[in-house]
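Chemist: Sequence isn't available, so here's the structure alone:
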């Protein structure tokens with residue numbers, strides 16, 4: 001039988017159930033390898049059509065059931081609903097169901113009713129689940145979000161380690177692992193942890209030619225100005241705005257509403273009904289802007305997202321790539337903005353300081369340094385992302401990102417306007433001593449040289465400039481305090497507050513001076529009211 005003839009059932013099923021006449025790159029080869037009983041390790045970008053790669057061979061495996069393991073209840077339910085509409089029998093079995101619902105699914109599964117059955121990774125830990133699965137006629141296992149199995153993955157979940165049992169308990173069944181974002185190290189770990197045997201490997205390119213990445217460090221005022229212009233320039237489609245905390249999500253929603261931009265929030269502290277309602281409003285384009293924490297977007301497959309905007313440093317390049325990748329899934333141009341602030345580093349440092357496991361903390365710092373290098377680097381953004389994931393493009397420039405061609409016209413105007421009209425200088429009169437010190441600073445003298453010239457202590461000069469910064473008589477300069485010390489000071493102040501300097505000083509290394517703390521405190525106070 002020819003290769004074309006042997007693959008014809010795939011094309012027929014593709015047309016019958018999905019209504020497509022051709023495959024996207026890689027889909028046919030992946031589906032064929034799984035149907036042939038081979039293990040697989042697939043890395044394909046979000047929106048690239050991963051689910052079809054395993055749903056298609058499952059649909060063709062008559063009287064057998066594929067087990068899909070996914071951490072996302074909402075995604076499982078959505079996929080089952082879509083499969084039902086296409087005429088492919090499928091079901092989900094998880095803790096959100098009543099006992100009678102679970103019993104009904106188990107009975108139907110025993111009778112061979114389903115082509116796909118979705119389970120959570122936690123369920124594999126239960127001996128009863130494994131015994132029950134052995135009573136079913138199974139076709140293969142699918143591990144979705146497979147990067148979660150690796151401690152080196154950006155979203156490691158300990159319960160995923162239990163999936164290594166599948167190879168021991170079901171040695172004859174193929175296992176197919178799927179993920180949208182995995183570095184070379186993580187890919188090797190996936191293969192090792194799951195015990196994949198000579199897997200068919202498909203690693204799609206991480207280059208997204210329709211996405212325009214733009215990265216900028218901003219003051220709070222500039223960030224707000226760019227955010228407003230970004231959403232006001234949204235002619236069609238929808239937008240996702242990612243905020244670092246629940247409090248910030250709520251603040252940004254209120255800020256946008258006050259500026260005449262309808263927006264809704266999405267975060268983990270909302271009850272499930274409100275989250276579902278807001279997601280449906282956004283999905284139906286009744287409200288085009290959603291502001292969410294990282295909890296938003298998992299399993300979302302909306303094609304017309306034209307802008308994804310981050311208002312803080314993501315924890316890793318993988319996280320940024322995955323979240324930004326929710327833009328432009330229809331293949332049309334879309335913008336991905338990363339608008340970060342210096343204080344983001346202190347927030348990340350605070351969370352990392354709470355991690356007790358030494359190795360986990362080290363991996364967290366490694367990811368932080370990688371994302372800092374990404375935002376600080378002047379090289380093509382697409383090129384940096386591809387190289388991070390182990391891809392070596394032959395092109396030197398994407399010709400779209402801020403590093404290659406600068407910012408979009410609307411964004412350049414927002415930056416220019418903010419630079420022309422910042423938070424205005426103080427009208428408070430400057431003392432003769434302050435004016436003299438400022439003149440010496442502008443002549444290129446250091447604080448130590450100014451102290452010697454004026455017969456003052458170094459700390460008194462630092463305190464003087466701290467007061468001038470706070471009164472907006474002089475802008476803060478990054479060279480005054482080393483960035484590592486700046487971050488340390490902010491981290492401690494987040495715990496003890498900025499009201500008094502002594503508790504901050506007592507919690508810091510001895511070499512960090514009161515003067516440095518005073519300067520950082522002044523800068524932070526000015527930023528907080530911009």
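Modeler: Ah, there it is. Everything quoted here is computed from the prediction, not taken from an experiment.

Chemist: Skipping adjacent residues, who's closest to residue 199 in space?
Modeler: Nearest residue to residue 199, sequence neighbours excluded (C-beta to C-beta, 6 or more residues apart in numbering): residue 39, at 4.0 Å. C-betas here are computed from N, CA, C, even on glycine.

Chemist: does the one you found really touch residue 201, like I thought?
Modeler: No: using C-beta atoms under 8 Å as the test, residue 39 is too far from residue 201 to be in contact (9.6 Å).

Chemist: wait, what's in contact with the residue nearest to residue 199?
Modeler: By C-beta atoms under 8 Å, 6 or more residues apart in numbering, the contact list for residue 39 reads 174-176, 196-200.

Chemist: Can you read off the pLDDT for it?
Modeler: Residue 39 carries a pLDDT value of 97.

Chemist: and if you look at residue 420?
Modeler: 59.

Chemist: quick one: low-confidence parts of the stretch 351-500 of the chain?
Modeler: The stretch 351-500 of the chain contains residues with pLDDT under 70 at 418-422, 424-428.

Chemist: Which residue ranges of it form helices?
Modeler: Using DSSP state H, counting those that start in this stretch, the helices of the stretch 351-500 of the chain run over residues 358-376, 381-388, 402-405, 409-420, 432-442, 447-454, 458-470, 483-496.

Chemist: try the stretch 151-300 of the chain
Modeler: 165-169, 184-194, 220-232, 246-258, 272-283.

Chemist: Let me know the secondary structure of the nearest residue to residue 133 once chain neighbours are set aside.
Modeler: Spatial nearest neighbour of residue 133, excluding adjacent residues (C-beta to C-beta, 6+ apart): residue 67 at 6.7 Å. Per DSSP: H, G, I helix; E, B strand; the rest coil, the local secondary structure of residue 67 is strand.

Chemist: Run through the bridge partners of residue 67.
Modeler: residue 117, residue 141 (DSSP bridges).

Chemist: and it, how many neighbours?
Modeler: By the measure other C-beta atoms under 10 Å, the count of residues near residue 67 is 25.

Chemist: okay but it is in contact with residue 117, surely?
Modeler: Yes: assessed by C-beta under 8 Å, residue 67 is found in contact with residue 117 at 5.6 Å.

Chemist: residue boundaries of the strands in this structure?
Modeler: Taking DSSP state E as the test, the strands found in the chain are 40-43, 65-69, 90-93, 116-119, 138-143, 175-179, 200-203, 211-217, 238-242, 264-266, 289-292, 305-310, 334-340.

Chemist: Outline the domain layout of this protein.
Modeler: The record's domain split for the chain, according to automatic domain parsing, is 3-203, 211-420, 432-528.

Chemist: ok, now which ones touch the residue lying closest to residue 296 once chain neighbours are set aside?
Modeler: Sequence neighbours aside, residue 266 is the residue nearest to residue 296 in space, at 4.2 Å (criterion: C-beta to C-beta, 6+ apart). Going by C-beta under 8 Å, 6+ apart, residue 266 touches 249, 275, 278-279, 290-293, 295-296.

Chemist: Which pLDDT value goes with residue 266?
Modeler: For residue 266, the predicted pLDDT is 91.

Chemist: can you tell me which of the strands of the chain comes nearest to residue 436?
Modeler: strand 211-217 (32.1 Å; C-beta to C-beta).

Chemist: From residue 153, how far out is the residue nearest to residue 199?
Modeler: Relative to residue 153, residue 39 is positioned 19 Å away (C-beta to C-beta, to the nearest Å).

Chemist: returning to that earlier point: which members of the contacts of residue 39 are classed as buried?
Modeler: 174-176, 196, 199-200 (16 or more other C-beta atoms under 10 Å).
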